[in-house]
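[1] Predicted model and sequence follow; I will ask about them next.
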Amino acid sequence: MRGFRIELGEIEARLREQDSVGETVVVAQENPSGKQLVAYVVPAIAHVNETEFRDSLRRALKTRLPDYMVPTHFMFLAQMPLTPNGKLDRKGLPEPDASLMQQHYVAPETELEQQIAAIWAEILHLPRVGLDDNFFEVGGHSLLAIQITSRVQAELGLEVPLVEVFQTETLRAYAQAAATFRAGSAEDFDDLRDFLSELEAI
């Protein structure tokens, strides 16, 4: 997936190491942005704060797995759907909706925030992106992070390292970080535009 070998069983094993996880299954689902990893989790305890639980699972996986193996979506279920013979009913697993993962909309204010928000929204296939939206929670993944980095340099002239997408995660924090990086040279832009064209053709 996206050029990487994905071991779904390993992701599930790392999730099961968490005391807060009762049952789990991880699947690769197709969406407009390509295939994305979705982790379905039955919490070990009832009435968890889903936002905090999701963040804790993502942090735990990031310490044990490469970024491309950390699921984009975490879906919490009361129980796993089963077939009449008691096996997991994969067709009964709900599909994630990235728009439902967006935070209460906080509009970008500065020109840079607005420019970056437009790039994020286009790449993530969302109508809009707010300052507090988390890139990975609304459908982002490693390949899209590369596209974000390329577009920001090609269109805004800012050489923001790819790692900033992973370290900042929210639009607000990313824009703040982006403002601290210098512009690249014209030759850099030409090379990057060529690379971006090749990437989007994949």
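    Here it is on my side, so go on. Numbering: from 1, shown residues only.
[2] contacting residues around residue 70?
    37, 58, 61, 62, 136 (CB atoms under 8 Å, 6 or more residues apart in numbering). C-beta: built from backbone N, CA, C; applies to glycine.
[3] Now with 10 Å, please.
    11, 14, 37, 39, 57-62, 64, 136, 141-142, 166 (CB atoms under 10 Å, 6 or more residues apart in numbering).
[4] Check the gap between it and residue 170 for me.
    Distance, residue 70 to residue 170, by CB to CB, to the nearest Å: 16 Å.
[5] ok, back up a step: buried among the contacts of residue 70? Need that as a selection in PyMOL.
    With 16 or more other CB atoms under 10 Å as the burial test, the buried ones among the contacts of residue 70 are selected in PyMOL as follows:
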select buried, resi 11+14+37+39+57+58+60+61+136+141+142+166
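[6] closest to residue 48 among the contacts of residue 70?
    The closest of the contacts of residue 70 to residue 48 turns out to be residue 57 (CB to CB; 10.5 Å).
[7] Against the centre of the protein, work out the most remote residue.
    Within the chain, the residue lying farthest from the chain centre (CA atoms, centre = their mean) is residue 85, at 34.7 Å.
[8] What are the buried residues along the helix or strand containing residue 164?
    Using DSSP states H and E, residue 164 falls within helix 163-168. Across helix 163-168, burial judged by 16+ other CB under 10 Å covers 164, 165, 166, 168.
[9] quick one, what contacts the spatially most central residue of the chain?
    The residue lying closest to the centre of the chain (CA atoms, centre = their mean) is residue 136, at 2.0 Å. Neighbouring residues of residue 136 by CB under 10 Å, 6+ apart: 36, 58, 67, 70-73, 101, 142, 144-145, 165-166, 169-170.
[10] what about it, distance to residue 22?
    Taken as CB to CB, the span from residue 136 to residue 22 is 23 Å.
[11] Please apply the same query to residue 46.
    Counting by CB to CB - residue 46 and residue 22 are separated by 10 Å.
[12] Mind checking which of those two has more residues around it?
    Shown here are residue 46 and residue 22; by other CB atoms under 10 Å, residue 22 has more neighbours (15 against 6).
[13] quick one: buried residues of the host helix or strand of the more buried one?
    Per DSSP H and E, residue 22 falls inside strand 21-31. Using 16+ other CB under 10 Å as the test for burial, strand 21-31 gives 21, 23, 24, 25, 26, 31.
[14] Make sure residue 19 is actually in contact with residue 44.
    Yes: between residue 19 and residue 44 there is a contact at 6.5 Å, judged by CB atoms under 10 Å.
[15] follow-up on the earlier one: show me what the helix holding residue 164 packs onto, helices and strands only.
    helix 142-156, helix 171-178 (3 or more CB pairs under 10 Å, 6 or more residues apart in numbering; DSSP states H and E).
[16] Tell me which of those helices lies nearest to residue 113.
    helix 171-178 (4.5 Å).
[17] Show residues contacting the closest one.
    Counting by CB under 10 Å, 6+ apart, 103, 106, 108-110, 112-117, 119-121, 129-135, 138, 148-149, 152-153, 156, 158-161, 163-165, 167-168, 170 sit against helix 171-178.
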